[in-house]
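Asks: Please find the sequence and the predicted model below.
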Amino acid sequence: MSRSVLVTGGNRGLGLAIARELAAAGDKVAITHRSGEPPQELLDLGCLPVRCDITEPEQVEQAFKVVEDAHGKVEVLVANAGINRDQLLLRMSEEDFTSVLETNLTGTFRVVKRASKGMLRARSGRIVLISSVVGLLGSAGQVNYAASKSGLVGFGRSLARELGSRGITCNVVAPGFIETDMTRELTETQRDSIIERVPLARYGAPEEVAATVRFLASAEAAYITGAVIPVDGGLGMGH
């Protein structure tokens, strides 16, 4: 059955892979993007691009109206949009800290709250939050990013308890080091150092994260909620 799916930050990286995976599975997929233009491959798959900055409540509301008019109430929400502004604590500005939390955590709150209205009426829904292994392990130079991604775990588990009786699941995916534009900017020395810490001794592929999201959004995962699923090659095991 084709469902109305919304993937925030779906025009590149993990969001793009997730949108591609769900569209290929037959869902009606909409994506939000803050800047730039969505890749042609998403348009060819029939995805609906919606320009939206999730730090702006009015834009979030307008984006949902566009999606609902085109595809109906959102039945599956993948909250993926996020930013990073890495810096050591003593050099990190207030704006560096608050802007990351505003996008990664507060922005997620906005889209989840808006999507849950329709899900509660339907007594059904799937919410998947994209966190990070950094939110579990911590990372020097990323106190803002780690705080935001760790916050998603408590946020998601609280939602699971709050919404579960209405047939709505909420789970968290915690990717490790995945081959994206962000990780390609690392030096060869940095990449080698990271791989040494990963038991599977490689970076992950965006498609591996996308497959996990697809499963959590599927009927087969109907009895899974409040889970934190690592897709990290074993990097964060035990956390």
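Replies: Nice, I can see it.

Asks: C-alpha from now on. contacts and neighbour counts both.
Replies: Noted.

Asks: just checking, what packs against the longest strand along the chain?
Replies: Longest strand in the chain, counting residues (DSSP state E): strand 168-175. Under the contact definition 3 or more CA pairs under 8 Å, 6 or more residues apart in numbering; DSSP states H and E, strand 168-175 sits against strand 125-130, helix 143-163, helix 206-216, strand 228-231.

Asks: For that strand, the averaged confidence score.
Replies: Strand 168-175 shows an average pLDDT of 98 in the prediction.

Asks: centre of the chain versus it, how much separation?
Replies: Distance of strand 168-175 from the chain centroid (CA atoms, centre = their mean, to the nearest Å) equals 9 Å.

Asks: tell me the angle of that strand relative to strand 125-130?
Replies: 20 degrees (axes from the mean of the first three to the mean of the last three CA atoms, to 10 degrees).

Asks: any idea how far Asn144 is from Ser124?
Replies: Going from Ser124 to Asn144 by CA to CA, to the nearest Å gives 33 Å.

Asks: How about residues contacting the longest strand of the chain?
Replies: Residues from elsewhere that reach strand 168-175 (CA atoms under 8 Å, 6 or more residues apart in numbering): 119-120, 123-133, 152-153, 156-157, 159-160, 163, 209, 212-213, 216, 222, 224-232.

Asks: Which SSE is immediately downstream of that strand?
Replies: Sequence order places helix 181-184 as the next helix or strand after strand 168-175, per DSSP states H and E.

Asks: Quick one: distance of that following helix to the chain centre.
Replies: For helix 181-184, the distance to the chain centre is 17 Å (CA atoms, centre = their mean).

Asks: contacting residues around that helix?
Replies: With CA under 8 Å, 6+ apart as the test, helix 181-184 has contacts from 13, 177.

Asks: No further questions, thank you.
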